[in-house]
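> What would the 3D arrangement of this be:
(chains A and B)
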Amino acid sequence: MVVAARAVGFGLPLAVVMAWVLTRYRFPGRSLLNALVHLPLVLPPVVTGWLLLILFGIRGPIGSLLLAWFDIRLVFTTAGASLACAVMTFPVMVRSVRLSLEAVDPGLEQAARTLGAGRLDRLFNVTLPLASPGILVGGIVGYATCLGEFGAVITFAANIPGQTQTLPLAIYAALQVPGGEQKAAELSLISLTLALIGLLLSEWLGKRLNVALGR
Amino acid sequence: MSLSVRLRHDFPSARIDMAFEVPSAGVTVLFGPSGAGKSTIILAAAGLLRPNECRIEVDGQIMADTETGMWLPPEQRRTGLVFQDARLFPHMSVATNLRFGMRRARPGTIRFDDVVDLLGIAALLDRRPNTLSGGERQRVAIGRALLAQPQLLLMDEPLASLDSARKSEILPWLTRLKTALRLPVLYVTHDLDELTRLADSMVLIEAGHVVGFGPLAEMAARADLPLALRDDAAGLLHCRVAEHDVGRQLTRLDAGGATFLVPLLDAEVGAACRIRIPAREVILARRAPDAISLHNIIAGTVRRIAGDPARRAVMVEIALADGALLARVTPDAITRLALSLGGPVLALIKSTSIEVLGG
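Presented below is the predicted three-dimensional model:
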């Protein structure tokens, strides 16, 4: 749970920025950036985890710097599990945010401009509030997906109970133990419930927000 | 005190090259068919479109001049823009919408309560834009633009998306606004009714070029402009209510140095108004007829005779002491009456053919 919350907490703002950049700016390398963002969606999760291990591992180019400068170790820690989750759910969040940003009428931003609103002013008072249903749905779906993340987490952060063990990892571990079917069934039920709640919540909140936005 | 605009821009399919200068006081209507380039002027004045060449000056203050590289972004320009679709922010109440520009502008002379009053939107303040009718939305949009304390108000066909009932609901508000605020207004429309009711000056635009510009009454009376080729071409005169004759159920109006009788009006003596006299309703004569039902026999001189081959007709421009009338007649009528440029003529106008407009 904590892993997923942290993953969404750090991932969502980044996803908003990324979605903003991808919708509003045309620059060389935009398609490449777009492809990179979506890569975890199509890559086998284990491969993503392995790539993270190479980049953020203690001897990896980024991981070694983090360790040397800030004494942060990501591999096999809760933070590492969050990072893996965040990377895996990033494309889902970016897609959702991007769709809602594209749906915001540029005419409203023009109107805001003629009324004296500068770039950031427009972003925070017009664009983001209008895109908020998509951002929210992105966060909730991202959260639910994080809870179910398996491949990238086990590769990058291993399966340490109480630290990096996500629900599917716990279910998998339970199934490996003779007589663990009971526990696995319980955990699966929790997983099912959480997923369902997540989807219903996003639907409900989305509707509420749309009403608040006067649509 | 003037408003001068010069603009040149090459679109992929059309070239726009326009220049005009009009008094800044009052409403200047940019009039012309769709796609003539009227909106380009508005967008350039607001700073939302940067033409290849452009210079805009209001009352001696330069808002944009591409020659010196001066180009203020829209958010620093202090031009209020009312779009065809109101573009209210759906996530804010009417009051918050109204204050959006006001909170971001330097304090000015246009006050919140006055605008709410002037536009009659006090009852709407707590509502959301999606619960408003088209006419109400447009009124709120006008208020929002005004409260941003603009130096120049731009209106891009603000009534075009409304049906005619909504249009007639909002037109009186605009006329009120015009008299209450001393603010230069550029108003785009292709609707003759809006033009005759609101304009003080007009700029006639066709296919990316300015065909003519000047005071409305002068422009409306020009037989050589495309306006005169319209079915509803008409002379326009500014007038003053001189006298009511309740007994005869008539009102006397002073206009253009002449006197006109119209069916009794519901207006105060001394009130200013406009009259519109359709060219096809005007009869020409050399001698005043007697025993005739019409009231208005106006003496003038023939100033211009312009052909209208499509209708097999001609348009005659009749100069009065101050102003002019238009009359659409057949070429045969010109021959029979032996009308010539500079010669005297009488215009016969039924009092019921005269349209009286407010303001």
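> Correct me if wrong, but A:R98 is in a helix.
Yes: the assignment for A:R98, made by DSSP: H, G, I helix; E, B strand; the rest coil, places it in a helix.
> for the closest residue to it other than its chain neighbours, helix, strand, or coil?
If the residues on either side of it in the chain are set aside, A:R98 comes closest to A:A19, at 4.0 Å by CB to CB, 6 or more residues apart in numbering or on different chains. (Each C-beta comes from the backbone N, C-alpha and C, glycine too.) Going by three-state DSSP, the secondary structure assigned to A:A19 is helix.
> Contact residues of chain A facing chain B?
Applying CB under 8 Å from any CB of the partner chain, we find that chain A lies next to chain B at A:105, A:107-108, A:110-118, A:121, A:126, A:129-130, A:212-215.
> of the residues you listed, buried ones?
A:108, A:110-117, A:126, A:129-130, A:213-214 (16 or more other CB atoms under 10 Å in any protein chain shown).
> so where's the stretch 1-150 of chain B shaky on pLDDT?
Judged against pLDDT under 70, the stretch 1-150 of chain B has no low-scoring part.
> Can you name the residues of it that neighbour chain A?
Contacts of the stretch 1-150 of chain B with chain A, taken as CB under 8 Å from any CB, map to B:46-48, B:73-81, B:83, B:85, B:87, B:89-91, B:100-101, B:104-105, B:128-131, B:144-145, B:148.
> same thing but at 6 Å, please
Those residues of the stretch 1-150 of chain B that sit near chain A, judged by CB under 6 Å from any CB of the partner chain, are B:46, B:48, B:74-75, B:81, B:87, B:90-91, B:100-101, B:104-105, B:128, B:130, B:148.
> who wins for most neighbours among the residues you listed?
Most neighbours among these, by other CB atoms under 10 Å in any protein chain shown: B:L81, with 30 neighbours.
> Do a quick rundown of the strands in the stretch 101-250 of chain B.
B:152-156, B:185-189, B:201-206, B:209-215, B:234-245, B:250-255 (DSSP state E, counting those that start in this stretch).
> and these, which is most packed in?
For the strands of the stretch 101-250 of chain B, ranked by mean neighbour count under the definition mean count of other CB atoms under 10 Å in any protein chain shown, the leader is strand B:185-189 at a mean of 25.
> can you list the residues that contact it?
When contacts are defined by CB atoms under 6 Å, 6 or more residues apart in numbering or on different chains, strand B:185-189 is touched by residues B:V27, B:T28, B:V29, B:L30, B:K38, B:I42, B:L153, B:L154, B:M155, B:D156, B:E157.
> one more time with 8 Å
Residues outside strand B:185-189 that contact it (CB atoms under 8 Å, 6 or more residues apart in numbering or on different chains) are B:3, B:26-31, B:38-39, B:41-42, B:45, B:152-160, B:178, B:194-195, B:198-199.
> contacting residues for residue 94?
No chain in the question, so chain A it is. Counted by CB under 8 Å, 6+ apart, A:V94 has contacts A:A15, A:M18, A:A19, A:L22, A:V37, A:H38, A:G138.
> other chain: chain B
Taking CB under 8 Å, 6+ apart as the definition of contact, the neighbours of B:V94 are B:L88, B:I121, B:L124, B:L125, B:D126, B:R127, B:R128, B:P129, B:L132, B:V140.
> neighbours around the closest residue to the first one other than its chain neighbours, how many?
If I follow you right, that is B:L88. With CB to CB, 6+ apart as the measure, B:P129 is the residue that lies nearest to B:L88, at 3.9 Å, once sequence neighbours are left out. Look at B:P129: counted by other CB under 10 Å, it has 21 neighbours.
> Touching, B:P129 and B:R87? I think so.
No: the pair B:P129 and B:R87 fails to qualify as a contact (CB atoms under 8 Å) at a distance of 9.4 Å.
> Give me the subset of the residues of chain A next to chain B that lies in strands.
Judged by DSSP state E, the subset of these located in strands is empty.
> And the lengthiest helix in chain A, what's buried?
Of all segments of type helix in chain A, defined using DSSP state H, the longest is helix A:181-212. Of all the residues in helix A:181-212, those buried under the rule 16+ other CB under 10 Å are A:A184, A:L187, A:S188, A:S191, A:L194, A:G198, A:L201, A:S202, A:L205, A:G206, A:L209.
> dump the residue contacts of the fifth one.
Under the criterion of CB under 8 Å, 6+ apart, the contact list for A:L194 reads A:A144, A:L147, A:L167.
> Swap in 6 Å and give it another go.
A:L147.
> beta partners for the residue in the stretch 151-300 of chain B positioned nearest to chain A?
Scanning the stretch 151-300 of chain B for the residue nearest chain A gives B:L154, at 8.2 Å (criterion: CB to the nearest CB). Applying DSSP bridges to B:L154 yields these beta-bridge partners: B:L81, B:L186.
> quick one, phi psi at A:G148?
A:G148 adopts backbone torsions of phi -100, psi 0, taken as degrees, to the nearest 10.
> For it, give me its contacts.
For A:G148, the contacting residues are A:P168, by CB under 6 Å, 6+ apart.
> Can you tell me how far it is from chain B?
Going from A:G148 to chain B by CB to the nearest CB, to the nearest Å gives 33 Å.
> hey, where'd the helices end up in chain A?
For chain A, applying DSSP H gives helices covering A:2-24, A:30-42, A:45-56, A:61-70, A:78-103, A:106-114, A:119-122, A:128-147, A:151-157, A:167-176, A:181-212.
> And the contacts of the longest helix along chain B?
Of all the segments assigned as helix in chain B under DSSP H, the longest by residue count is helix B:164-180. Counting by CB under 6 Å, 6+ apart, helix B:164-180 makes contact with B:V27, B:L118, B:L119, B:G134, B:G135, B:L159, B:G358, B:G359, all of which sit outside it.
> and of those, the nearest to B:A288?
Each of those was checked against B:A288 using CB to CB; the closest is B:G358, at 31.5 Å.
> bridging residues for that closest one?
If you apply DSSP bridges, the partners that B:G358 bridges to are B:C273.
> per-residue pLDDT, it?
As predicted, B:G358 sits at a pLDDT of 72.
> quick one: it from chain A, how far?
Distance, B:G358 to chain A, using CB to the nearest CB: 30 Å.
> number of nearby residues for that residue?
The burial metric for B:G358, expressed as a neighbour count using other CB under 10 Å, is 14.
> Equivalent analysis for A:W20, please.
Under the criterion other CB under 10 Å, the count of neighbours that A:W20 has is 18.
> next one: phi and psi at B:L125?
For B:L125, the backbone dihedrals are phi -50, psi -40 (criterion: degrees, to the nearest 10).
> That one and B:V82, how far apart?
B:L125 sits 19 Å away from B:V82, going by CB to CB, to the nearest Å.
> Neighbour count for the two, which is higher?
When B:L125 is set against B:V82 and neighbours are counted by other CB under 10 Å, the residue ahead is B:V82, at 27 against 15.
> Only the buried residues of stretch B:102-112, if you could.
Judged by neighbour count using 16+ other CB under 10 Å, the buried positions of stretch B:102-112 are B:M102, B:R104, B:A105, B:I110.
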